[in-house]
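1. Got a sequence here, can you build the structure:
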Amino acid sequence: MVEVGACSPLAHRVPDLERVTQRARGAIEIGDIAFLAQVCLRLDPTLAERLRLNLPVEPNTHTQAHDGRERETLWIGPDEWLLIGRPETAPNIIAELEQRLAGVHHSTVDLSSNRATVEIRGSARLELLSKGCSIDLRPTVWTSGKCAQTLLAGAPVVLQERAGDTRIYIRPSYADYLVDWVVDASEEYWETTSADRWV
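-> Numbering: from 1, shown residues only. Take a look at the predicted model:
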(Lines give C-alpha, C1' and ligand atoms only; values in the text may rest on other atoms or scores of the structure.)
Protein backbone atom coordinates (compact mmCIF):
# COMPACT_ATOMS: atom_id res chain seq x y z
CA MET A 1 0.00 0.00 0.00
CA VAL A 2 1.36 3.40 -1.01
CA GLU A 3 1.06 6.20 1.54
CA VAL A 4 0.05 9.53 0.05
CA GLY A 5 1.00 12.61 2.06
CA ALA A 6 0.24 16.29 1.69
CA CYS A 7 2.16 18.05 -1.06
CA SER A 8 2.59 21.77 -1.58
CA PRO A 9 1.42 23.07 -5.00
CA LEU A 10 4.95 24.44 -5.38
CA ALA A 11 6.88 21.37 -4.20
CA HIS A 12 8.01 20.48 -7.73
CA ARG A 13 9.23 24.05 -8.32
CA VAL A 14 11.38 24.36 -5.19
CA PRO A 15 14.57 23.63 -7.17
CA ASP A 16 13.74 26.54 -9.50
CA LEU A 17 13.18 28.88 -6.55
CA GLU A 18 16.44 27.73 -4.99
CA ARG A 19 18.31 28.45 -8.21
CA VAL A 20 16.86 31.96 -8.38
CA THR A 21 18.06 32.53 -4.80
CA GLN A 22 21.50 31.18 -5.62
CA ARG A 23 21.92 33.18 -8.82
CA ALA A 24 20.66 36.47 -7.35
CA ARG A 25 23.35 36.35 -4.63
CA GLY A 26 21.32 38.06 -1.91
CA ALA A 27 19.29 40.47 -4.05
CA ILE A 28 16.42 37.96 -4.22
CA GLU A 29 15.81 35.08 -1.82
CA ILE A 30 12.61 33.18 -2.54
CA GLY A 31 11.02 30.06 -1.10
CA ASP A 32 7.83 28.07 -0.72
CA ILE A 33 6.14 28.36 2.70
CA ALA A 34 4.02 25.23 2.71
CA PHE A 35 0.84 24.35 4.57
CA LEU A 36 0.18 27.60 6.46
CA ALA A 37 -3.20 27.65 8.17
CA GLN A 38 -5.51 30.13 6.45
CA VAL A 39 -8.94 30.93 7.88
CA CYS A 40 -11.39 33.41 6.39
CA LEU A 41 -13.53 35.29 8.89
CA ARG A 42 -16.58 37.34 7.88
CA LEU A 43 -17.98 39.54 10.63
CA ASP A 44 -19.58 42.94 11.16
CA PRO A 45 -16.55 45.20 11.87
CA THR A 46 -18.35 46.97 14.72
CA LEU A 47 -18.68 43.61 16.49
CA ALA A 48 -15.00 42.88 15.87
CA GLU A 49 -13.99 45.99 17.79
CA ARG A 50 -16.45 45.34 20.61
CA LEU A 51 -15.28 41.73 21.07
CA ARG A 52 -11.59 42.77 21.10
CA LEU A 53 -10.51 40.21 18.53
CA ASN A 54 -7.44 42.26 17.53
CA LEU A 55 -8.65 42.41 13.94
CA PRO A 56 -7.15 45.20 11.82
CA VAL A 57 -9.83 47.74 10.88
CA GLU A 58 -7.63 49.98 8.76
CA PRO A 59 -7.84 48.89 5.11
CA ASN A 60 -4.87 46.98 3.68
CA THR A 61 -3.11 46.36 6.98
CA HIS A 62 -2.35 43.28 9.06
CA THR A 63 -1.75 42.63 12.73
CA GLN A 64 0.10 40.00 14.73
CA ALA A 65 -1.14 38.24 17.84
CA HIS A 66 0.40 39.63 21.03
CA ASP A 67 -0.21 36.55 23.18
CA GLY A 68 2.70 34.42 22.01
CA ARG A 69 0.82 32.66 19.22
CA GLU A 70 2.33 32.71 15.75
CA ARG A 71 -0.71 34.20 14.10
CA GLU A 72 -1.28 37.12 11.75
CA THR A 73 -4.55 38.66 10.59
CA LEU A 74 -4.88 40.37 7.22
CA TRP A 75 -7.58 42.90 6.36
CA ILE A 76 -9.19 41.64 3.15
CA GLY A 77 -12.35 43.76 3.06
CA PRO A 78 -14.61 45.87 5.32
CA ASP A 79 -16.08 42.73 6.90
CA GLU A 80 -13.52 40.09 5.90
CA TRP A 81 -10.19 38.98 7.37
CA LEU A 82 -7.67 36.25 6.62
CA LEU A 83 -6.09 34.66 9.69
CA ILE A 84 -2.70 33.04 9.06
CA GLY A 85 -1.22 30.50 11.48
CA ARG A 86 1.22 27.64 11.75
CA PRO A 87 0.53 24.48 9.72
CA GLU A 88 -2.35 22.31 10.95
CA THR A 89 -3.70 24.99 13.31
CA ALA A 90 -6.74 25.98 11.22
CA PRO A 91 -9.13 23.78 13.25
CA ASN A 92 -7.86 25.39 16.46
CA ILE A 93 -8.29 28.89 15.03
CA ILE A 94 -11.83 28.11 13.90
CA ALA A 95 -12.76 26.50 17.23
CA GLU A 96 -11.48 29.55 19.12
CA LEU A 97 -13.39 31.95 16.87
CA GLU A 98 -16.59 29.90 17.11
CA GLN A 99 -16.35 29.94 20.89
CA ARG A 100 -15.80 33.69 21.07
CA LEU A 101 -18.45 34.45 18.45
CA ALA A 102 -21.18 32.16 19.77
CA GLY A 103 -24.56 33.78 19.13
CA VAL A 104 -23.04 36.37 16.77
CA HIS A 105 -23.74 36.35 13.03
CA HIS A 106 -20.44 35.41 11.34
CA SER A 107 -18.71 32.94 9.05
CA THR A 108 -15.44 31.01 9.41
CA VAL A 109 -14.00 28.95 6.54
CA ASP A 110 -10.77 26.96 6.35
CA LEU A 111 -8.97 28.18 3.21
CA SER A 112 -5.63 26.52 3.93
CA SER A 113 -5.68 24.64 0.61
CA ASN A 114 -6.95 27.63 -1.32
CA ARG A 115 -3.64 29.47 -1.70
CA ALA A 116 0.03 28.59 -2.02
CA THR A 117 2.47 30.88 -0.20
CA VAL A 118 5.73 32.26 -1.54
CA GLU A 119 8.07 34.30 0.66
CA ILE A 120 10.57 36.73 -0.85
CA ARG A 121 13.49 38.39 0.92
CA GLY A 122 16.42 40.41 -0.34
CA SER A 123 17.25 44.00 -1.20
CA ALA A 124 15.62 43.86 -4.65
CA ARG A 125 12.38 42.08 -3.74
CA LEU A 126 10.08 45.12 -3.99
CA GLU A 127 11.75 46.26 -7.19
CA LEU A 128 11.16 42.79 -8.61
CA LEU A 129 7.50 42.74 -7.59
CA SER A 130 6.97 46.24 -9.00
CA LYS A 131 7.66 44.83 -12.46
CA GLY A 132 4.35 42.99 -12.36
CA CYS A 133 2.26 44.94 -9.85
CA SER A 134 0.47 48.26 -10.28
CA ILE A 135 0.27 49.25 -6.61
CA ASP A 136 2.93 51.54 -5.15
CA LEU A 137 5.61 49.27 -3.66
CA ARG A 138 8.16 51.94 -2.85
CA PRO A 139 9.66 51.17 0.59
CA THR A 140 8.51 54.56 1.88
CA VAL A 141 4.90 53.66 1.06
CA TRP A 142 4.71 49.87 1.17
CA THR A 143 5.92 49.30 4.72
CA SER A 144 5.80 46.44 7.22
CA GLY A 145 2.20 45.91 8.30
CA LYS A 146 0.71 46.51 4.85
CA CYS A 147 -1.24 43.98 2.78
CA ALA A 148 -3.34 44.14 -0.37
CA GLN A 149 -5.34 42.10 -2.83
CA THR A 150 -3.92 42.90 -6.24
CA LEU A 151 -2.67 41.46 -9.52
CA LEU A 152 0.91 40.25 -9.94
CA ALA A 153 1.82 39.72 -13.58
CA GLY A 154 -1.93 39.42 -14.20
CA ALA A 155 -2.50 36.76 -11.54
CA PRO A 156 -4.74 37.53 -8.52
CA VAL A 157 -2.70 37.49 -5.31
CA VAL A 158 -2.66 38.75 -1.75
CA LEU A 159 0.58 40.56 -0.86
CA GLN A 160 1.69 40.87 2.76
CA GLU A 161 4.65 43.02 3.78
CA ARG A 162 6.30 41.76 6.94
CA ALA A 163 9.49 42.73 8.78
CA GLY A 164 12.17 41.81 6.27
CA ASP A 165 10.10 39.81 3.78
CA THR A 166 7.11 39.89 1.47
CA ARG A 167 4.63 37.03 1.28
CA ILE A 168 2.60 36.24 -1.81
CA TYR A 169 -0.58 34.19 -1.39
CA ILE A 170 -1.67 32.77 -4.76
CA ARG A 171 -4.18 30.23 -6.03
CA PRO A 172 -2.55 26.84 -6.72
CA SER A 173 -3.68 27.02 -10.35
CA TYR A 174 -1.44 30.09 -10.82
CA ALA A 175 1.52 28.78 -8.81
CA ASP A 176 3.53 27.44 -11.76
CA TYR A 177 2.89 30.63 -13.71
CA LEU A 178 4.14 32.73 -10.79
CA VAL A 179 7.40 30.76 -10.58
CA ASP A 180 7.92 31.11 -14.33
CA TRP A 181 7.37 34.86 -14.06
CA VAL A 182 9.77 35.20 -11.11
CA VAL A 183 12.46 33.27 -12.98
CA ASP A 184 12.11 35.57 -15.98
CA ALA A 185 11.75 38.82 -14.03
CA SER A 186 14.71 38.10 -11.73
CA GLU A 187 17.29 37.49 -14.47
CA GLU A 188 18.73 41.01 -14.24
CA TYR A 189 19.80 40.29 -10.64
CA TRP A 190 21.70 37.12 -11.46
CA GLU A 191 25.46 37.16 -11.21
CA THR A 192 26.42 34.70 -13.93
CA THR A 193 29.41 33.74 -16.01
CA SER A 194 29.50 31.98 -19.35
CA ALA A 195 29.78 28.69 -17.47
CA ASP A 196 27.03 29.56 -14.98
CA ARG A 197 23.87 30.18 -16.96
CA TRP A 198 20.23 29.28 -16.42
CA VAL A 199 19.47 26.04 -18.20
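
2. can you count the residues close to residue 15?
-> Residue 15 is flanked by 9 other residues according to other CB atoms under 10 Å. Yep, even glycine has a C-beta here, placed from its N, CA and C like the rest.

3. which residues touch it?
-> Taking CB atoms under 8 Å, 6 or more residues apart in numbering, we find residue 15 in contact with no residue.

4. Kindly report the same for residue 42.
-> Residue 42 is in contact with 79, 80, 106, 107, 108, counting by CB under 8 Å, 6+ apart.

5. Tell me which helix or strand it sits in.
-> For residue 42, the enclosing helix or strand under DSSP states H and E is strand 37-43.

6. What's the mean pLDDT across the following helix or strand past that strand?
-> Per DSSP H and E, strand 37-43 leads on to helix 45-50 as the next helix or strand towards the C-terminus. The average pLDDT within helix 45-50 is 82.

7. Begin at 429 from now on, thanks
-> That works, and once the first residue is 429, the last one we named lands at helix 473-478.

8. Could you tell me which residues make contact with the spatially closest residue to residue 506 that is not a sequence neighbour?
-> Of all residues not flanking residue 506 in the chain, residue 473 sits nearest, at 6.1 Å (CB to CB, 6 or more residues apart in numbering). With contact set as CB under 8 Å, 6+ apart, residue 473 has these partners: 483, 485, 506, 507.

9. Name the nearest of those residues relative to residue 577.
-> Comparing these against residue 577 with CB to CB places residue 506 closest, at 12.7 Å.
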